[in-house]
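> Just need the structure, nothing else, for what follows:
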Amino acid sequence: MKIVFSVLISLFSIIVFSQEPTKEKQKKSLVKSEAQKAKERSQKAPITSYKIITLDRDTTFVDTSLTIKKEYDYNYLRKDNFGLLPFANEGQTYNTLQFDLNRVSPFPEFGYKAKHFNYLEAHDIKYYSVATPLTELYFKTVMTQGQSLDAFITLNTSERFNFSIAYKGLRSLGKYINQLSSTGNFRFTTSYHTKNKRYFVNAHFTSQDFLNGENGGITSIVDFESKSPEFKERQRLEVYLTDAKSFIKGKRIFLDHNFRINPNDGNNNLLLTHQFNYENKFFEYNQATVVSTIGDKKINRFGEAFVTGGINDQVRYNRMYNKIGAVYENETLGKFQFFIDDFRYNYYYNTIFIVSDKVAPNSLNDAINSFGGQYEYQKNKWKGSFLYSNSITNQSLTNIDGNLKYKIDDKNEFSFQYQNLNKLPDHIYNLHQSSYLKYNWFNNFKNEKINSIQINAKTKWFNASLFATTINDHLYFMDESTIENVQLVTPKQYDNTIKLLSVKASKEIKFWKLALDNTILFQKVDQQDAILNLPELVTRNTLYFTNYFFKKALYLQTGVIFNYFTKYNANDYSPVLSEFFIQNNKEIGNFANMDFFVNARIKQTRIFIKAEHFNSALSATNTFYSAPNYPYRDFLIRFGLVWNFFQ
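Numbering: from 1, shown residues only. Okay, here's the model as predicted:
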């Protein structure tokens, strides 16, 4: 830590006090005319020349400012994690406080969702177009013995060809026994278009891996909550698992391109499109010692096992997706697309097992074909799209998705979203194999039916959204064990209807150099049984001060963030499945989480210092959890930076 701190101090000194070579030349060149200086300034690329482009062709620009949003984005996920409750160590999973259906696919997915919060899907990858080479470096300290780094570089070899390379790596030992996190996200992207813009292509390759020590949580919450000096060192707290770990890795090749048939871009265009996605994933759960020790007692945390030790559960998955379409584009009428797609998957184990005297398969594989159409319209202040797809093979699969946006000006816009989804179950629900007896199953669950509406309002006075959804045949996990300290988690399907209504509002109030940023979420679930458990109220309030110093060379931002959610029966976590499951025995919440931060910007460098959960050191007892038996983070000071280079 001392070495890292020394390096950062040196880096800060270099940024503040070093002189740029160009400035030295200007000082020596006393005869340079004002015309020459103006010419040099005009040759400087504007920030709008550094474009960030999504898969849907939405474009933003590189932003080196320091706003309160940058404070919210400065975390392991590199995005605002409001509604997510992190576990104690960086790089572990998150409990979910906010129900969110964004980007739900009708196709069956791999499962093991607790491992996918930092897994970059195809729609998460960004593409670039830059006037000069652009580099971004992200650094942040972690809990113990490690660091979090994210390095990125992109450049255009010509106006028409761009590529980028990035790697995000994390290693953190954590405060508790067997809590190591070691993760990596490598991504490579490339973009190209012909001189006449007749052909466009975006492509990327990703390789990602996540290793986590799985300690199963602490065995005695009394020891944790007592705030006894004996347990101030968290490694003295007893945990269920001392040598278990989970590991997931995945690789993906992705291609999205289109070709315009008519040679010249006109009022009427006809295009051919193709999208290709090949991905493979691997999940492994290891546990050297089956028996757990709780005081003087010996238990099998996950029930009886086929083996006495050396558990090594493995599953593999690969999928290939092809989508071919034709697009008619009219300047007045909009864009009409018709497509067919082919989705093939193989989810498999290396063994065959018997469940209830029946031989269960060791794999699930299928080919799903569907057809559909999409209409897009954008003119003046209106922008909208409507998608419909349906399977033409024997699987029942439907997706209706509509979006409409009306933009009054840069500060005021309204949008409406609707989705009706008939989704095939994720594979982990239908087939799972394990060395633990009760963690083997073979099912044939029905599709989930999801019907949701979302209305968003972004105004100069406030931002608000209303989300309503109805879910039928909801799939979930639950613990069937009746024995204390034993988890027997199995998949279930709910026969009744679940209804959810949520309202989210945010407003920033500014006075002088002070600001109060508020985000409040209210959720209400209507269900016959406690299946979808969520807190009714989640809030984040930030009071902060901003000002310039040293002749505006330094921009300072400092304040306090207050996070809170009401008590509820939070989902518990299963290390064997890397999934969350419902429980109705222990409530968590109703505790304040307060962070104090000091941030600064010097040129294109943003420096972040934060005292996380500082109020935990002032409370009489420890009552903060991320999940039952999983304590939330203690008071900790962390720091780091984000540094952009424009070459």
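
> measure the spatially closest residue to Asn593 that is not a sequence neighbour to Ser616 for me?
Leaving aside its chain neighbours, Asn593 sits nearest to Asn563 (4.2 Å; criterion: CB to CB, 6 or more residues apart in numbering). Every C-beta, even on glycine, is put in place using the N, C-alpha and C of the backbone. Using CB to CB, to the nearest Å, one gets 12 Å for the distance from Asn563 to Ser616.

> helix/strand/coil for the residue nearest to Asn593?
Following DSSP: H, G, I helix; E, B strand; the rest coil, the label given to Asn563 is strand.

> distance between the ends of stretch 529-546?
End-to-end distance for stretch 529-546: 48 Å, by CA to CA, to the nearest Å.

> and it, what's its mean pLDDT?
When pLDDT is averaged along stretch 529-546, the result is 96.

> Check stretch 488-502 too.
96.

> how about that stretch as CSV, C-alpha atoms only?
Output of stretch 488-502 as CSV, limited to C-alpha atoms (Å, rounded to 0.1, in the frame of the first residue of the first chain):
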residue,chain,number,x,y,z
LEU,A,488,-30.7,-27.9,-0.4
VAL,A,489,-31.4,-25.4,-3.2
THR,A,490,-33.6,-26.6,-6.1
PRO,A,491,-35.4,-24.9,-9.0
LYS,A,492,-39.1,-24.1,-8.9
GLN,A,493,-41.8,-22.6,-11.1
TYR,A,494,-44.5,-20.4,-9.7
ASP,A,495,-48.0,-21.3,-10.9
ASN,A,496,-49.6,-17.9,-10.0
THR,A,497,-49.1,-14.4,-11.3
ILE,A,498,-46.7,-11.9,-9.9
LYS,A,499,-47.3,-8.2,-10.4
LEU,A,500,-44.8,-5.4,-9.8
LEU,A,501,-45.1,-1.7,-9.8
SER,A,502,-42.1,0.6,-9.3
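
> got the buried residues for that stretch?
By neighbour count on 16 or more other CB atoms under 10 Å, the buried set for stretch 488-502 is 488-492, 494, 498, 500, 502.

> what helix or strand is the closest residue to Ala45 other than its chain neighbours on?
Distances taken as CB to CB, 6+ apart place Ala131 nearest to Ala45, at 3.6 Å, with adjacent residues excluded. For Ala131, there is no host helix or strand (DSSP states H and E).

> Check Asn590 too.
Using DSSP H and E, Asn590 falls outside every helix and strand.

> Now for the residue lying closest to it once chain neighbours are set aside: which residues touch it?
Once flanking residues are discounted, Asn590 sits nearest to Lys567: 4.3 Å by CB to CB, 6+ apart. Neighbour list for Lys567: 535, 587-590 [criterion: CB atoms under 8 Å, 6 or more residues apart in numbering].

> mind showing which ranges of the stretch 201-350 of the chain have poor pLDDT?
Within the stretch 201-350 of the chain, not a single segment meets pLDDT under 70.

> Let me fix that, I meant to ask about the chain.
1-43, 101-103, 355-356.

> I'd guessed the residue nearest to Asn593 sits against Phe591; true?
No. Using CB atoms under 8 Å, Asn563 makes no contact with Phe591, being 9.4 Å away.

> Quick check: closest non-adjacent residue to Arg171.
In this structure, Arg171 finds its nearest non-sequential neighbour in Gly146, 3.7 Å apart by CB to CB, 6+ apart.

> Just give the number of residues close to the one you found.
20 (other CB atoms under 10 Å).

> ok, now which ones touch it?
170-173, 181.

> Any chance of JSON lines for those residues, columns neighbour count, distance to Tyr321 and secondary structure?
Converted to JSON lines, these look like this (neighbours: other CB atoms under 10 Å; distance: CB to CB, whole Å; DSSP: H, G, I helix; E, B strand; the rest coil):
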{"residue": "Leu170", "neighbour count": "22", "distance to Tyr321": "29", "secondary structure": "strand"}
{"residue": "Arg171", "neighbour count": "18", "distance to Tyr321": "33", "secondary structure": "strand"}
{"residue": "Ser172", "neighbour count": "23", "distance to Tyr321": "34", "secondary structure": "strand"}
{"residue": "Leu173", "neighbour count": "17", "distance to Tyr321": "38", "secondary structure": "coil"}
{"residue": "Ser181", "neighbour count": "24", "distance to Tyr321": "30", "secondary structure": "strand"}
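
> Can you pick out the most distant pair from those residues?
Largest separation among those by CB to CB: Leu170 and Leu173, giving 11.3 Å.

> distance of Leu387 from Asn196?
Distance from Leu387 to Asn196, counting by CB to CB: 29 Å.

> Look up phi and psi at the residue nearest to Ala45.
Phi and psi for Ala131, reported as degrees, to the nearest 10, are phi -70, psi -40.

> what sits against it?
So, once contact is read as CB under 8 Å, 6+ apart, Ala131 ends up touching 45, 49-50, 156.

> a markdown table please, covering the contacts of Lys567 and showing neighbour count and distance to Ala457.
Formatted as a markdown table, the contacts of Lys567 follow (neighbours: other CB atoms under 10 Å; distance: CB to CB, whole Å):
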| residue | neighbour count | distance to Ala457 |
| --- | --- | --- |
| Pro535 | 24 | 23 |
| Glu587 | 15 | 33 |
| Ile588 | 22 | 32 |
| Gly589 | 20 | 28 |
| Asn590 | 13 | 30 |
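
> Confirm that Asp223 sits in a helix.
Yes. Using three-state DSSP, the assignment for Asp223 is a helix.

> doesn't Phe231 make contact with it?
Yes. The pair Asp223 / Phe231 is scored as a contact, 5.3 Å apart, by CB under 8 Å.

> what residues do the two have in common as contacts?
By CB under 8 Å, 6+ apart, the residues touching both Asp223 and Phe231 are Leu237.

> And the strands in the stretch 201-350 of the chain?
Using DSSP state E, counting those that start in this stretch, the strands of the stretch 201-350 of the chain run over residues 244-260, 268-289, 291-294, 297-300, 309-330, 334-348.

> For Thr546, find the nearest of those strands.
strand 244-260 (40.1 Å).

> Name the strands paired with that closest one and say parallel or antiparallel.
Partners of strand 244-260 in the sheet, by DSSP bridges, are strand 199-214 (antiparallel), strand 268-289 (antiparallel).

> What residues sit buried inside the shortest one?
What it means is strand 199-214. 200-204, 206, 208-214.

> again, but for stretch 143-152
143-144, 146, 148, 150, 152.

> Quickly check those for the two that are furthest apart.
Farthest pair in these (CB to CB) is Thr144 and Phe152. Separation: 26.3 Å.

> State the next helix or strand along the chain beyond the host helix or strand of Lys507.
For Lys507, the host element (DSSP H and E) is strand 497-511. Once strand 497-511 ends, the next helix or strand along the chain (criterion: DSSP H and E) is strand 514-526.

> Just the CA coordinates for that next one, please, in CSV.
C-alpha atoms of strand 514-526 as CSV (Å, rounded to 0.1, in the frame of the first residue of the first chain):
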residue,chain,number,x,y,z
LEU,A,514,-23.5,23.2,-3.2
ALA,A,515,-25.7,20.5,-4.7
LEU,A,516,-28.0,17.8,-3.4
ASP,A,517,-28.6,14.9,-5.7
ASN,A,518,-31.5,12.6,-4.9
THR,A,519,-32.6,9.2,-6.3
ILE,A,520,-35.6,7.4,-4.8
LEU,A,521,-37.1,4.1,-5.8
PHE,A,522,-40.5,2.8,-4.6
GLN,A,523,-41.5,-0.8,-5.4
LYS,A,524,-44.7,-2.8,-4.6
VAL,A,525,-45.2,-6.5,-5.4
ASP,A,526,-48.6,-8.1,-5.6
